[in-house]
Structure formats: C-alpha cells, structure tokens
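>>> Can you look at this prediction? I've put the sequence above it.
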Amino acid sequence: MRSRRRWLSLLAVLMAFALVAAACGSSDSDDTTTTTATTPPAGGDATTTTGAPSGGDDTTTTTPAVPVDFQIGILLVGPEFDRGYSQAHFEGAQYAIEQLGLPEDNLISLDFINPGDSPGLTPEGVAADMIAQGADLIIFNSDDMRDGAFAAAAQNPDTPMIWVSGDSAWADGKAFEADLTNLGNVWGQMIFGKMIAGCAAALESESGELAYLGPLTNDETRRLVNSAYLGAKYCWEEVRGETTPLAFDVTYIGFWFDIPGVTLDPIQVVNNFIDGGADVVLSGIDTTQALTRSAQRADAGETVTAIPYDFIDACDEAPEICLGVPYFNWGPTYLDIARSVIDDTFVAEWQWILPDWTDINNPATSVVGFVNGDGLSPANQPLVDEFIAGLADGSIQLYSGPLNWQDGSQFLGDGEVATDFQIWYSEQCLEGIEGVCSVNVFG
C-alpha cells in the first residue's frame, strides 16, 4: 500500500479527520549520559544532553516532538504514478512522512491539478480542503500552480507552504512577493542533470543529431534545454573532438505532459524527430513517451536511444535503449522543510539547491542525480563520470561566454560567467538550438 491518503473524488471533500492530541512527555538526563537526537518517535521529545565535568552545569536542548497529527498536503500537477515528475514529488513526500515516524495516512495528496484535466478545481481550493483536513504544510509541485499558490498563501497566512520551482520568496527575483511570508520556494539545480544528459547523448550519437521533447515554454524549460545543449556541445567538441556542428532540435508540446486534444501528441513529435534523422531523443516532459516511443522504433530495427527525465526509475520503461536519467530526489528537502515547520523555524525562502557533489546519487543528501542507463556504452560511462567530476570541481564551466541567444543577440560576453539570475531567467534558447522557444505551442 502506497503511503498516502487519496481523495476518492476530485470534486468532493473528505470529512475532516479528528486530530489526535500529541503526547508531550519529558526526558530526564544525568551528568554522565550523552545522547544524540535524530528523528524522535511521533509524539515524543528528543533530548540532547552534553555531560559537564562534576560540579558543572549541563547544557540540555530539547528538539520539539513530532506531533502524531502532523500532516503534509501535496498537490501534483500530473498523475501520481507517472514514472516521472509527479511521482518523484509524491515519493519525496512519502519519504518525509516515513522519516518522521508518522503513519502513511498523514500524507494527503491529490493529482491532476491542472486546468486541462481538472477544470473544476483550483489549487487554492484544494489547499483549503487539505488544511481543513489538518494539513500543516502544503506543497504545490508545479510552476503551473503559481496563481493558486499565491492565493492560498494569502488566504491561509498561518500555514507554511512551498511553491516548487517558483521565485516568490527570492528578494532579488522578478516575482518576489514580500507579503507572502508563509510561501517558500525550492528547486534543485537540474541544470547540471541536464548537462550530464546532454553529454551522454552527444557521446552516444552516431548521426550528430539530437532532439529534445519539450513541455511548455517558460524560463524554466528554456533553462533546461539550454543546459542540455551546452552539455551536448561540450562533449561533442571537447571530449569526442568533433568538428562538424552538432544538430540540436527542440519541439514543445504545449504542457508538462500529454493532454489529448490540448497538447501536441508527444508520440508523433518523437516520430518526427526520428524520421528527421535524430538518433537520441531527450525528454523534457513529465512523462516517459520519449523513451517508450523511441524503444518501439528501436525494436523495429532503427538506431535510436533516449534519455527520460525526473524519476530515478524511469529507465525501467525501456532499459535497453535508455542512456540514463537526470532525476529529482525530493525526500531530503521535504524532510528538512517538514522539520522546520514542526520546530517552528520555517522561513519562506528561495532555495536553488546544488547536487551533493560528493555523491550525486546519495538518496539521503542529493536533490538532483543522474543514473547511467543500460544503453550507455561501457566506453562512454567513464567519460560521463569525468564530465560529472569536472562540473563538481568547477573545471567545466558551461555558462561562460561568449554565448548568444537564438536570435543572435548577446547573452554572455567573452569570459563572462552567468549569474544565478541570468540562468534562472532564460528569456530565449541559445544560439545553435533549432526550434521555436519564445512562445508556447498554444500561446
């Protein structure tokens, strides 16, 4: 049984669960005992005691108990088990609940929170229902929920909230909302995951033609397309030593995932890529069609591989042609945020979190990782590892000029290194990328 409390209807609100009073006990300690507090059992206090010399004072700090009724509510833009973006968030919230020692029912989730799939629901309405059920922390998992997150935070100022991928808590950002002191932002620096994906694609390509299946167009998605292109270009030229230009094409379908009758059909877009000569398809959408359709074409005898996105186990959909997957690991971040709510230290801040460069696949520490797939050749695996090491130690700096935008205007001057602000607000795709990047498919 998955750790969640699922709503039985998109349009009905569950009856509120009765709150269970948290038992607040006290722990006694003596001069000679030293204990280290980790995550206390739900309802119990964790006491850390530092022993003092005989006759001296003890220093005792008490970590607040995890209330047995502490609950997390998470709104998912797509399907809960999409093998992609939404599943990564859902499992991250599960991890936080489990690490806090709470029952699985203390996670409240609802998926398909988007206008195309659920036109009768608003993010702020769903958040209000979750708060009525007892949620102590609300997570909006998509950029698409921006307006609803703003409204919910204003309507419920005492409830801590997170708008994932947003910039409302960034004092230097374009969308700073100083009055929403309960709405924080978090995002992993997936620019590095995409650079790694681009590198792997370029190393494996035989045709020198790569294709990127994009969702909708905004600063975030352009930022990730640009990062994949920079990683591919570097490994094509600097690692392989190729002198012919690398072809890199992007097509956006119009939303984060396929909604029939609303978006372009990602299957057809992938077909178009392969028919046009691409032999590696990188995914930027939330779901796995880039991989699964490429696998079908490969099964028919064509030379094509693919790189999915978002979810650590995405390669399982077609392991034999999967070069690897850049993925999000939200568990440690959600756990840290939940603990800050519990101990009353939550601050609405903007966090753009680096991978744990000591081990980007450490499930307890790294918000962004990259797992090599079975389709990545043994000869190229160490080259990808060397590329990752270069990103980690800074010897490979891809956001360094000269770089131009797609329209030929300057992005970075010669030797100029991009700031977080410049990378975050990617107003265009980079020169060298083919495909319309400035407007969404459907405006």
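Happy to help now that I have it.

>>> Could you list the buried residues of stretch 168-180?
168-170, 173, 177, 180 (16 or more other C-beta atoms under 10 Å). C-beta coordinates here come from the backbone N, C-alpha and C atoms, glycine included.

>>> what sits against the residue nearest the centre of the chain?
Closest to where the C-alpha atoms of the chain average out (C-alpha atoms, centre = their mean) is residue 328, at 4.4 Å. Residue 328 sits next to 85, 88-89, 92, 188, 190, 310-311, 367-368 when contact means C-beta atoms under 8 Å, 6 or more residues apart in numbering.

>>> can you rerun that using 6 Å?
Residues counted as contacts of residue 328 (C-beta atoms under 6 Å, 6 or more residues apart in numbering) are 88, 188, 310.

>>> Which of those fall in strands?
Among those, DSSP state E puts residue 188 in strands.

>>> For residue 137, what are phi and psi?
phi -140, psi 130 (degrees, to the nearest 10).

>>> Relative to residue 127, how far out is it?
Applying C-beta to C-beta, to the nearest Å, the value for residue 137 to residue 127 is 11 Å.

>>> ok, those two, which is more surrounded?
residue 127 (28 against 24; other C-beta atoms under 10 Å).

>>> picking that back up, can you name the residues that contact the closest residue to the residue nearest to the centre of the chain other than its chain neighbours?
If the residues on either side of it in the chain are set aside, residue 328 comes closest to residue 88, at 4.6 Å by C-beta to C-beta, 6 or more residues apart in numbering. For residue 88, the contact set (C-beta under 6 Å, 6+ apart) comprises 310-311, 328.

>>> all strands of the stretch 151-300 of the chain, in order?
161-164, 183-188, 209-214, 247-252, 280-283 (DSSP state E, counting those that start in this stretch).

>>> roughly how far out does the fourth one sit from the chain middle?
What it means is strand 247-252. 22 Å (C-alpha atoms, centre = their mean, to the nearest Å).

>>> okay, the strands of the stretch 151-300 of the chain in TSV with mean neighbour count, distance to residue 297 and mean pLDDT next?
Output for these, formatted as TSV (neighbours: other C-beta atoms under 10 Å; distance: least, C-beta to C-beta, whole Å; pLDDT from 0 to 100):
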stretch	mean neighbour count	distance to residue 297	mean pLDDT
strand 161-164	28	33	98
strand 183-188	23	31	98
strand 209-214	27	12	98
strand 247-252	22	16	98
strand 280-283	30	9	98
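
>>> Export these as JSON lines, with columns for distance to residue 66.
Formatted as JSON lines, the strands of the stretch 151-300 of the chain follow (distance: least, C-beta to C-beta, whole Å):
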{"stretch": "strand 161-164", "distance to residue 66": "19"}
{"stretch": "strand 183-188", "distance to residue 66": "20"}
{"stretch": "strand 209-214", "distance to residue 66": "41"}
{"stretch": "strand 247-252", "distance to residue 66": "43"}
{"stretch": "strand 280-283", "distance to residue 66": "37"}
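
>>> thinking again about what came up before, including pLDDT and distance to residue 363, could the buried residues of stretch 168-180 go into CSV?
Shown next, in CSV, are the buried residues of stretch 168-180 (pLDDT from 0 to 100; distance: C-beta to C-beta, whole Å):
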residue, pLDDT, distance to residue 363
168, 98, 29
169, 98, 26
170, 98, 27
173, 97, 30
177, 98, 33
180, 98, 31
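
>>> Among those residues, which are located in helices?
Judged by DSSP state H, helices contain none of the buried residues of stretch 168-180.

>>> what's the spacing between residue 85 and residue 312?
From residue 85 over to residue 312 the distance is 12 Å, taken as C-beta to C-beta.

>>> More neighbours: which of these two?
For the pair residue 85 and residue 312, the greater number of neighbours falls to residue 85 (26 against 20), based on other C-beta under 10 Å.

>>> Please list all residues in contact with the more buried one.
Per C-beta under 6 Å, 6+ apart, neighbours of residue 85: 286, 310.

>>> Now it. Its backbone dihedrals?
Torsion angles, degrees, to the nearest 10, at residue 85: phi -60, psi -50.

>>> Give me the distance between it and residue 357.
23 Å.

>>> Count the residues that sit near the residue nearest to residue 208 when sequence neighbours are not counted.
Using C-beta to C-beta, 6+ apart and skipping the chain neighbours, the partner closest in space to residue 208 is residue 246 (5.6 Å). As a burial measure, residue 246 scores 21 neighbours (other C-beta under 10 Å).

>>> I'd assumed residue 234 was in contact with residue 246.
No: judged on C-beta atoms under 6 Å, residue 246 makes no contact with residue 234 at a distance of 10.0 Å.
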